[in-house]
Structure formats: C-alpha cells, structure tokens
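S.K.: Provided below are the primary sequence and the corresponding predicted coordinates.
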Amino acid sequence: MKRLLPVVGALVLVAAVVAVVVWQRSDSKAALPPSGDVVLQYADGSQLWRLGEQETPLIKQVIGDLGAKARMTLDQLRESGGAIVVTTIDRRAQTGAVDVIRTIAAGEAESLRYSITAVDPNNGAVKAYAPGNDPGVDYAGGVLKEPGSAFFPFNVVAALQTGKTLDSAYDGRSPRRFGQLSISDEVSCGERCTVRDALQKSSNVVMYDLVANDVGIKPVVTAARQAGVPESVDIDGKKTKLLVGEGDNIPNATVSVGADEARMRPLDLAASYATFAAEGTHHDAHFVTHITDVRGSTLYRADTKGTPAFDPDPARSKDIANQITGVLQGDSCGPAQPEVASRCGEWHMPGPEQGRFSHAWMVAYDPRISVSVFVGSAQPSTPAVDRDGRAVVGSGLPDKLGDAFREKLTQW
C-alpha cells in the first residue's frame, strides 16, 4: 500500500475575499460580513458556500453539525445578523478526493458508486468528504452498508477488554455450524486459529465463535461505540439507530461478521478507525471548527479534547488500540508500508447471488489521517463488478481509489 498523506494543513482561519467584502479572523479589525449573510469557509478561510447556494451533501453534513453540536441553525444565524462558519474541510484534500472519484469513475462501470472520507485522528476533524458520483445519493454519510470484515477490529477490542489475548485460539476450520447457522471462509484458518490470525486473515468462523460463544454481543457493541460508531445517525432526514436489533434490542450474533445489523456509514468507519490511529484516544468527528458573528465575536468553538476510548486508564486504552494496529499493519491491502494500518473487505450477497459482492471497502490509517473508501453497486441486489466484469474487492478498486487520493495529497 502506498504511503498515507502528510499532515493535511492546519485548521487556521486566514484572510479570505468573499464577493467584494474582506472577512478576516474574529480578532481582526477588518470589515465583517454584511448583516444577514451566512458563509461557510474551508479550513484555510477560502469560501466553501454561502446562504442561498445549493445545499450539497457536504453542506448538509455541515448544517447537521451546526444543529447537533453548536445547537444553531442557518436561520438563527441569519436572523441574528449573519455569521462566518469555519469548517474542518481541507480545500485541497476535498478537491483531491472529488477528482479521484471523477477520474476513476469515468473509466469504470456506470453501475458503480463511490465515496472517500478522511478524518484527522488528532482532533476528529473531517478533512475530506466526497460522497460519490451519484448526485442523488450521499455515499459517504447518507447510506448504511454492511461493513463485513471491517467490523472485526471491534470484536477484538471487546476480546482484549474481557481478558482474551491475540494469542487466544479458536477452531477456525471452515465451514462450521453454529446451531442452525453455517459460517464459512474462503480459506480455513485451521484447527487452532489465534485471534491475531483471525483478524489478519478475516476469519468469519473465528469471529462468530469469539463473539457468540465467548465474549458476547453487548461488549462488542460497546467497543464499537467507544471507537466512535454513533448510537444514531440521520439518513434522509430520519433518525436511524445503529448496532441494534429488532425492537431496539441487542443485535444478533451475526453482527460479529459485519452483517445486517452492523450496518453503518462510510463516515463512521473513517471516524472509528481514527481512534485506533490516535492510539486509543477518541475525538468526536465534526465538520465545524468555529463560528463568529458579524461583530467578530466567537459564537461556538468545537471541543476537540480527546478521551481514552477503550479503558479509563489511558495507558490501557493505548495498548488495546496499538495491538489492533499492529495486526492491521500486516493486512492484505497491497504492499506493507511503515506506520500504515489497513483493512480491506467485501460484503457477500445473499440468496442466488451468494459468493458475489454488493460492495467493498478499504480503510487505512496512520497517526495523521484515517481514510475510508467505499465502492458498491447502485442497486444492492446487483453484484458490484468493474468494467471488465470482475467482482469488486477491497484490494481492487477501493484500494486503487485510496492510493490515488493519498498520492495526490503527498504532492502538496
């Protein structure tokens, strides 16, 4: 796997020209925005959007952040006289992600959909949010998709929290029956498969056994939430709970293999893997850095203070996260690179199409950035195939997009 990007720009508000009015930092004595105007800025102070323009999926996420974290709405900001909203979005990273999707999609099957999301592990800032090539669907934060083996690190966190080790062994022979359910892998992990090998080789059999018969489902859900998977998200204006089963109860044990009730957004994967990148320190993923009014006063500033995610003891939380990272640095998403941990995976289709994939993932991180890439079929009931008719797998197109995105960023 190619190297990850260097630091993607500091979140610093600099002078920016907006129309014919100069807007500067709140501690400046320069002219302020006209009354009633609301402008969103990139992290570097350049204009991203202003009130009255089309609300893209990215803008909708920023607006959602205003309501959820700042407890403000665009109407309130406008009625109070106007405001500057400085976002976390890095202009070059955003442009790079959009360009990568546009370029690669142009040469691929029209049925495929994509997204690239990048989060800074050091503060939870969303640096890039490219929701894909379909203007009608937000494939970064507006869809829920089965994570498949991308869910496995949460199983292992729960195992480590409950006293297991990476050397704890399980029967990884495939297929295996668990009651009425048969679980299988493409390659058997063997009669004595360690948790380390199960995570690295993506053993569904061991992960199901570990959760269903040993660790338990609830601790796994807790571990995922500790990493950063939210309790609920907004999908098409509707609040949807994550990691719950029927009647909002604990999901069934198939959550361990990233199945139906483990569905989440690509944004959630980037944000939760960022906690591993931050060595077990969790920062809330956010789109807004701060807000100033027309008088230059600060109305809101994001809380970027981190907290130990996996244990109240920071050292223990760090140890758990670093054990996960140590395994994922040996994952199969291309050639290994120093400091880079990654996870590739696919989601098998049910029924007659079993054995083919509806979508695939690539999630990679280092201490500076966490990136999730999604590639899937526009129709979940249709297999995701590339222009040559080959099944889309995590180490294929998703990794190609991830590499192209990171390569762009390293050029700056």
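M.R.: Cool, the structure landed.

S.K.: where does this structure dip in pLDDT?
M.R.: The chain contains residues with pLDDT under 70 at 1-34, 330-332, 334-336, 350-355, 412.

S.K.: and this protein, what are its domain boundaries?
M.R.: For the chain, the structural domains run 16-88+286-301, 92-284+304-410, going by automatic domain parsing.

S.K.: so the most centrally placed residue in the chain, which of the three states?
M.R.: Central residue check for the chain by Cα atoms, centre = their mean: the C-alpha nearest the mean position is that of Ala270, 2.2 Å away. Three-state call for Ala270 (DSSP: H, G, I helix; E, B strand; the rest coil): helix.

S.K.: which strand or helix spans the nearest residue to it once chain neighbours are set aside?
M.R.: Leaving aside its chain neighbours, Ala270 sits nearest to Ser372 (3.9 Å; criterion: Cβ to Cβ, 6 or more residues apart in numbering). Backbone N, C-alpha and C define where each C-beta goes, glycine included. Applying DSSP states H and E as the criterion places Ser372 in strand 369-377.

S.K.: same check on Leu267?
M.R.: With DSSP H and E as the criterion, Leu267 is inside helix 266-277.

S.K.: give me the angle between that helix and strand 369-377.
M.R.: Per axes from the mean of the first three to the mean of the last three Cα atoms, to 10 degrees, the angle that helix 266-277 makes with strand 369-377 is 150 degrees.

S.K.: and helix 266-277, what does it pack against?
M.R.: Applying 3 or more Cβ pairs under 8 Å, 6 or more residues apart in numbering; DSSP states H and E, we find helix 266-277 packed against strand 112-119, strand 126-130, helix 152-161, helix 217-227, helix 314-328, strand 341-348, strand 357-366, strand 369-377.

S.K.: so which of the ones you listed gets nearest Thr275?
M.R.: Closest of those to Thr275 is helix 217-227, at 4.6 Å (criterion: Cβ to Cβ).

S.K.: can you give the contact residues for that closest one?
M.R.: Residues outside helix 217-227 that contact it (Cβ atoms under 8 Å, 6 or more residues apart in numbering): 151, 153-155, 157-158, 161-162, 211, 231, 243, 250-253, 255-256, 272-273, 275-276, 282, 309-310.

S.K.: just the buried ones among these, please.
M.R.: Among the contacts of helix 217-227, those buried by neighbour count (16 or more other Cβ atoms under 10 Å) are 151, 153-155, 157-158, 161, 211, 243, 250-251, 253, 255-256, 272-273, 275-276, 282, 309-310.

S.K.: ok, Asp284 - contacts?
M.R.: Asp284 neighbours (Cβ under 8 Å, 6+ apart): 69, 124, 228, 303.

S.K.: in ChimeraX, how would I select the buried members of these?
M.R.: The following ChimeraX line selects those of these that are buried, judged by 16+ other Cβ under 10 Å:
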select :124,228
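
S.K.: which one of the contacts of Asp284 is nearest to Ala118?
M.R.: Within the contacts of Asp284, the smallest distance to Ala118 is 11.8 Å, found for Gly124 (Cβ to Cβ).

S.K.: ok, the residue nearest to Glu79 when sequence neighbours are not counted to Tyr300 distance?
M.R.: Among residues not flanking Glu79 along the chain, Gly36 sits closest, at 8.0 Å (Cβ to Cβ, 6+ apart). Between Gly36 and Tyr300 the computed distance is 19 Å (Cβ to Cβ, to the nearest Å).

S.K.: between the two, who's got more neighbours?
M.R.: When Gly36 and Tyr300 are compared for neighbours, Tyr300 comes out ahead with 18 against 14, by other Cβ atoms under 10 Å.

S.K.: what's the more buried one sitting at in phi/psi?
M.R.: Taking degrees, to the nearest 10, you get phi -160, psi 140 for the backbone angles of Tyr300.

S.K.: ok now do it, which residues does it touch?
M.R.: Residues in contact with Tyr300 (Cβ under 8 Å, 6+ apart) are 69-70, 72, 288, 290-291.

S.K.: mind running it again at 10 Å?
M.R.: The contact partners of Tyr300, taken as Cβ atoms under 10 Å, 6 or more residues apart in numbering, are 66, 69-72, 83, 85, 288-293.

S.K.: which residues does it bridge with?
M.R.: Taking DSSP bridges as the rule, Tyr300 bridges to Ile291.

S.K.: which non-adjacent residue is nearest Pro201?
M.R.: Not quite, residue 201 is Lys, not Pro. Cys189 (5.5 Å).

S.K.: doesn't Ile183 make contact with the one you found?
M.R.: No - when contacts are counted by Cβ atoms under 10 Å, Cys189 is not listed as touching Ile183 (11.7 Å).

S.K.: okay, and the common contacts of the two?
M.R.: Residues within reach of Cys189 and of Ile183 at once, by Cβ under 10 Å, 6+ apart, are 174, 203-206.

S.K.: can I get stretch 231-251 in CSV? Just the C-alpha atoms.
M.R.: Extracted in CSV, the C-alpha atoms of stretch 231-251 (Å, rounded to 0.1, in the frame of the first residue of the first chain):
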residue,chain,number,x,y,z
GLU,A,231,-25.9,5.5,18.5
SER,A,232,-27.9,7.0,15.8
VAL,A,233,-27.5,8.9,12.5
ASP,A,234,-29.6,11.0,10.2
ILE,A,235,-30.4,9.2,6.9
ASP,A,236,-32.6,11.2,4.5
GLY,A,237,-33.9,13.3,7.4
LYS,A,238,-34.8,10.3,9.5
LYS,A,239,-33.1,9.3,12.8
THR,A,240,-31.8,5.8,12.4
LYS,A,241,-30.3,3.8,15.3
LEU,A,242,-27.1,1.8,14.7
LEU,A,243,-26.0,-1.6,16.1
VAL,A,244,-29.4,-2.5,17.3
GLY,A,245,-31.7,-5.5,16.7
GLU,A,246,-35.4,-5.9,16.5
GLY,A,247,-37.3,-3.7,18.9
ASP,A,248,-34.0,-1.7,19.5
ASN,A,249,-32.6,-4.7,21.4
ILE,A,250,-29.1,-6.0,21.2
PRO,A,251,-28.4,-7.3,17.7
